[in-house]
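>>> Give me a 3D structure for the following:
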Amino acid sequence: MLPWSRLLRPLTALLLTAAIALLPAATTAHAAGARPSAGWNDYTCEPSAAHPRPVVLVHGTFGNSVDNWLGLAPYLKNRGYCVFSLDYGQLPGVPLFHGLGPVEKSAEQLATYVDKVLTATGAAETDIVGHSQGGMMPRYYLKFLGGAAKVNALVGIAPSNHGTTLSGLTNLLPYFPGIGDLLNEHTPALADQVVGSDVLTKLNAGGDTVPGVRYTVLATKYDEVVTPYRSQFLSGPGVRNVLLQDLCPLDFSEHLAIGLFDRIAFHEVAGALDPAHATPTTCASVFG
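Numbering: from 1, shown residues only. Predicted structure coming up:
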């Protein structure tokens, strides 16, 4: 039998390969120096009466502020929103792929960024939309860093709210002594998103929500990363949990697609940001 030390690296690689689906995989545009071109991250943007709150987009693990939002940012901008996105959770020597640092530290970065956006726009509150870790991590900001006073709504797209087993892969961790330390050392955000982690235990203790914030969770039953998919849903006042297949049985989006280019999910995001003017989401919303 192979020694434990020789098994750690292959299993870590396997977990990282599976967890990379917590990212938007398309990094080519960012690597080529692409920048948002449809007016997003425009700090001169003035929120309108129709959409008085700027929207802050929070990428997932291994993502970044551009690639994660090449679909949704223009979609919202074209509907009159001031749209912003940040990079967070950077690790030294790791370019482009972010969202890897400890969740608590990433939440502090989000807090600083929200203040920057509110100062620039003059708005009193913002709305946050996040994909995967980006849908979960803002809850730490809301609960422990004063974010509830500055955020009207949080929309989580396939969020890792209660952690993931990565389709059961993390259940192997107890059989490989030391691998948890490797994950903590090199990719703290992955360890923080494992079911039962200290961060998630703290985050979900005493209830999933905080008063004064509206929560929407968008999930797909084909999610292969945040598993089981119903672990994404929240409980508490002001929560709306949505399974995309209940709206359109023909929607086969998995974890990446729901955040990157699923216009049915995008339609639901727009409705969550402006519920007073929301229209029903159907399969036809893909043409909207």
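
>>> packing partners for the longest helix seen in the chain?
Looking across the chain with DSSP state H, the single longest helix is helix 103-121. Applying 3 or more CB pairs under 8 Å, 6 or more residues apart in numbering; DSSP states H and E, we find helix 103-121 packed against strand 55-58, strand 83-86, strand 126-131, helix 133-144, helix 188-192. To be clear about C-beta, it is placed using only N, CA and C from the backbone, and glycine gets the same treatment.

>>> hmm, try it at 6 Å
On a contact count with 3 or more CB pairs under 6 Å, 6 or more residues apart in numbering; DSSP states H and E, helix 103-121 meets helix 133-144.

>>> Please work out which residues outside the helix it packs on touch it.
Residues from elsewhere that reach helix 133-144 (CB atoms under 6 Å, 6 or more residues apart in numbering): 58-61, 99, 103, 106-107, 110-111, 128, 130, 147-148, 154, 156-157, 159-161, 203, 210, 213.

>>> angle of that helix against strand 126-131?
Angle, helix 133-144 to strand 126-131, by axes from the mean of the first three to the mean of the last three CA atoms, to 10 degrees: 140 degrees.

>>> For helix 133-144, the averaged confidence score.
The average pLDDT for helix 133-144 rounds to 98.

>>> ok, then the element right after it?
strand 151-157 (DSSP states H and E).

>>> Give me the distance from that next one to the chain's centre.
How far strand 151-157 lies from its chain's middle: 10 Å, per CA atoms, centre = their mean, to the nearest Å.

>>> which secondary structure elements does that strand contact?
Packing contacts for strand 151-157, counted by 3+ CB pairs under 6 Å, 6+ apart, involve strand 126-131, helix 133-144, strand 214-219.

>>> Of the ones you listed, which is nearest Pro174?
helix 133-144 (23.2 Å; CB to CB).

>>> hmm, back to that, neighbouring contacts of the longest helix of the chain?
43, 47, 54, 56, 82, 84, 86, 88-89, 126, 137, 140-141, 145, 150, 192, 199.

>>> again, 7 Å this time
43, 45-47, 54, 56, 58, 82, 84, 86, 88-89, 99, 126, 137-138, 140-141, 145, 147, 150, 189, 192, 199 (CB atoms under 7 Å, 6 or more residues apart in numbering).

>>> May I see the buried residues of that helix?
103-104, 106-111, 113-114, 117-118, 120-121 (16 or more other CB atoms under 10 Å).

>>> wait, which of these is closest to Gln232?
Closest approach to Gln232 among the buried residues of helix 103-121 (CB to CB): Val103, at 16.0 Å.

>>> what's the burial count for the closest residue to that closest one other than its chain neighbours?
The shortest distance from Val103 to any non-neighbouring residue, by CB to CB, 6 or more residues apart in numbering, is to Asp192 (4.4 Å). By the criterion of other CB atoms under 10 Å, Asp192 has 27 neighbours.

>>> thinking again about what came up before, run the angle between the longest helix of the chain and strand 151-157 for me.
130 degrees.

>>> Could I get the average pLDDT for helix 103-121?
Here the average pLDDT along helix 103-121 is 98.

>>> would you put the C-alpha positions of it in PDB?
Output of helix 103-121 as PDB, limited to C-alpha atoms (Å, rounded to 0.1, in the frame of the first residue of the first chain):
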ATOM      1  CA  VAL A 103     -13.700  33.500   4.200                       C
ATOM      2  CA  GLU A 104     -13.400  35.900   7.200                       C
ATOM      3  CA  LYS A 105     -10.700  37.900   5.400                       C
ATOM      4  CA  SER A 106     -12.600  37.900   2.200                       C
ATOM      5  CA  ALA A 107     -15.700  39.300   4.000                       C
ATOM      6  CA  GLU A 108     -13.500  42.100   5.300                       C
ATOM      7  CA  GLN A 109     -12.500  42.900   1.700                       C
ATOM      8  CA  LEU A 110     -16.100  42.900   0.700                       C
ATOM      9  CA  ALA A 111     -17.000  45.300   3.600                       C
ATOM     10  CA  THR A 112     -14.300  47.800   2.400                       C
ATOM     11  CA  TYR A 113     -15.500  47.500  -1.200                       C
ATOM     12  CA  VAL A 114     -19.100  48.100  -0.400                       C
ATOM     13  CA  ASP A 115     -18.100  51.300   1.500                       C
ATOM     14  CA  LYS A 116     -16.200  52.400  -1.600                       C
ATOM     15  CA  VAL A 117     -19.200  51.800  -3.900                       C
ATOM     16  CA  LEU A 118     -21.600  53.600  -1.500                       C
ATOM     17  CA  THR A 119     -19.300  56.500  -1.200                       C
ATOM     18  CA  ALA A 120     -18.900  56.800  -5.000                       C
ATOM     19  CA  THR A 121     -22.600  56.500  -5.800                       C
END
